[in-house]
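Visitor: Generate a structure from the sequence data that follows.
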Amino acid sequence: MISGVLKANELSEVGALIHSEKALLMIERDVYWPKWDSPWWYILLLEETGRLAEVPVEAFKELLTCADRQYLKVFPVREEDVDGPVNGHTEVMCFCFFGALLKVASKLDFDVFAHLPWAKTWLSRYQLPDGGYNCDESAYTGSGKSSLVSSTVMLEGMIEYARFTKDIETFAPNMQKIVSYLLKHQVYMSTAGKEIPDTDWDKIIFPRFYEFDFSRGLEAIFDFLLLTGKKVRGVAVERALALLRKKTDAGLAHSEKQWLSGEKTVSYYIEKPIVFKDMANVPLVMKKLNSASDNEFVPAMLARISRKHEEVKSRGLIV
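Guide: Prediction:
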């Protein structure tokens, strides 16, 4: 039995923590859960803070190996897709995890599809008619509507994979469909051009993990344009750009939404998963970065997106 949690008070402690024996045991038990103190979330934190080089290679390789073992090879949308009962939280790979794994692995020079070859067909197989993806399986038999959250994370992963492999063409159609979907939503709005209730997507979030805000969608679109040289109409991004300028001009230097402590988690008792009984544990390092206190990463993130906007403009990719 694995006792306790992985605790980090400072970013400088995280790399060694992921390298620990406890971290490896947690990865072998579950590559994803619990939030927010399992190795996976610490890896994402290092990626968002520009410290991905501190992720131990052997730990990440083990995570890929265990993901292949842990997850079903399909995203079940109907009962007949699987034999017998399935724990959808621990046995099914969601698209947010898949996209983030694709992104992080590519940055660490790992080819995800060498470790999870079955996942390669997912990019086309589970892309919804409106162009995106959805971690909610009911969308595939019901509404057919994608999620801005799932779709943006998947786009980020494909972009990074294309950079890593220097192969833009293979997933270009999939990426183009996601971008078209985001543009129809003016990055973060409904297709009717209205704010979506109860989302707060006009607020900057840090760390993001799988959360979505307008700046994340905007940056993914810019990255796609810079990768492919495609063009978009300025009217589709003007509202998101106005928000970006507003945040930058105000000197915003903190997360506008303190969301981590409000999440529930899958916990393990006697090595069996208990679904959403407990609130997620928020390590101090994450709590500080998600607080209303200023940090160095939010202004750096806004500046990075603004630079990409200037490059996109200078190349004539917004028309």
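Visitor: List phi and psi for the nearest residue to residue 170 once chain neighbours are set aside.
Guide: With C-beta to C-beta, 6 or more residues apart in numbering as the criterion, residue 170 has its nearest non-adjacent residue at 7.6 Å, and that residue is residue 162. (Each C-beta comes from the backbone N, C-alpha and C, glycine too.) Main-chain torsions, residue 162, degrees, to the nearest 10: phi -60, psi -40.
Visitor: count of neighbours near residue 162?
Guide: By other C-beta atoms under 10 Å, the residues close to residue 162 number 21.
Visitor: Tell me how far it lies from residue 106.
Guide: 8 Å (C-beta to C-beta, to the nearest Å).
Visitor: before we move on, what about residue 214?
Guide: If you go by C-beta to C-beta, the gap between residue 214 and residue 106 works out to 24 Å.
Visitor: From residue 76, how far out is the residue nearest to residue 170?
Guide: Distance, residue 162 to residue 76, using C-beta to C-beta: 28 Å.
Visitor: same question, residue 122
Guide: 12 Å.
Visitor: okay, these two: which has more neighbours?
Guide: For the pair residue 122 and residue 76, the greater number of neighbours falls to residue 122 (18 against 15), based on other C-beta under 10 Å.
Visitor: Would you check that the residue nearest to residue 170 makes contact with residue 171?
Guide: Yes - the pair residue 162 / residue 171 is scored as a contact, 6.4 Å apart, by C-beta atoms under 8 Å.
Visitor: any idea whether residue 277 is helix, strand or coil?
Guide: Assigned by DSSP: H, G, I helix; E, B strand; the rest coil, the conformation of residue 277 is strand.
Visitor: Find the nearest non-adjacent residue to it, please.
Guide: Of all residues not flanking residue 277 in the chain, residue 267 sits nearest, at 6.4 Å (C-beta to C-beta, 6+ apart).
Visitor: For the one you found, what are phi and psi?
Guide: phi -110, psi 160.
Visitor: what residues are up against it?
Guide: 33-34, 273-274, 277-278 (C-beta atoms under 8 Å, 6 or more residues apart in numbering).
Visitor: Distance to residue 114 for the residues you listed - can I get that in JSON lines?
Guide: Converted to JSON lines, the contacts of residue 267 look like this (distance: C-beta to C-beta, whole Å):
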{"residue": "33", "distance to residue 114": "25"}
{"residue": "34", "distance to residue 114": "28"}
{"residue": "273", "distance to residue 114": "28"}
{"residue": "274", "distance to residue 114": "34"}
{"residue": "277", "distance to residue 114": "37"}
{"residue": "278", "distance to residue 114": "35"}
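Visitor: Look up which helix or strand residue 248 falls in, please.
Guide: In the assignment (DSSP states H and E), residue 248 maps to helix 238-249.
Visitor: For the stretch 201-319 of the chain, which segments count as helices?
Guide: Secondary structure of the stretch 201-319 of the chain (DSSP state H, counting those that start in this stretch): helices at 214-228, 238-249, 284-289, 297-314.
Visitor: Can I get these in a markdown table including mean pLDDT, mean neighbour count and distance to residue 66?
Guide: As requested, the helices of the stretch 201-319 of the chain are exported to a markdown table (pLDDT from 0 to 100; neighbours: other C-beta atoms under 10 Å; distance: least, C-beta to C-beta, whole Å):
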| stretch | mean pLDDT | mean neighbour count | distance to residue 66 |
| --- | --- | --- | --- |
| helix 214-228 | 99 | 22 | 27 |
| helix 238-249 | 98 | 16 | 37 |
| helix 284-289 | 98 | 18 | 23 |
| helix 297-314 | 99 | 16 | 29 |
